[in-house]
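K.L.:
pasting the structure only:
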């Protein structure tokens, strides 16, 4: 996933390449296609992995409190320059790319 973040920081979503990600990670591009299906699968996995690890969904019994806690966690997460770059790239690309838009709609 570090290779994905590096690629997004350097080239953005529209310029990202599975080939360069594979080279950064030291794996064959077929490994990426087999496991994740391509760039969109990698990005979905990156976002899901980061959210699961860094942004636990609170359940304190009060929706308003839970939403404020969740918002604070998201803001804190976006202070990480690499995560901010990856997320910003995906959001910006969603304006023109249906694939990027679909990534943001993951349930």
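P.N.:
That came through fine. Model, not experiment: these values are computed from the prediction.

K.L.:
now the helices: where do they sit in the protein?
P.N.:
Using DSSP state H, the helices found in the chain span residues 2-15, 18-25, 29-36, 39-54, 63-77, 81-93, 98-104.

K.L.:
Return the helix or strand in the chain with minimum mean pLDDT.
P.N.:
helix 98-104 (a mean of 75; mean pLDDT, DSSP states H and E).

K.L.:
Quick one: list the elements packing against it.
P.N.:
Packed against helix 98-104 by the contact rule (3 or more CB pairs under 8 Å, 6 or more residues apart in numbering; DSSP states H and E) you find helix 39-54, helix 81-93. Where C-beta positions appear, they are placed from N, C-alpha and C, glycine not excepted.

K.L.:
List the contacts of the residue most central in space within the chain.
P.N.:
The chain has residue 47 as the residue nearest its centroid, 3.3 Å off, counting by CA atoms, centre = their mean. By CB atoms under 8 Å, 6 or more residues apart in numbering, the residues touching residue 47 are 86-87, 90, 103, 106.

K.L.:
Out of those, which end up buried?
P.N.:
86-87, 90, 103 (16 or more other CB atoms under 10 Å).

K.L.:
how close does residue 89 get to residue 5?
P.N.:
The spacing between residue 89 and residue 5, counted by CB to CB, to the nearest Å, is 10 Å.

K.L.:
any idea how far residue 99 is from residue 59?
P.N.:
Between residue 99 and residue 59 the distance, using CB to CB, works out to 32 Å.

K.L.:
Thanks a lot, catch you later.
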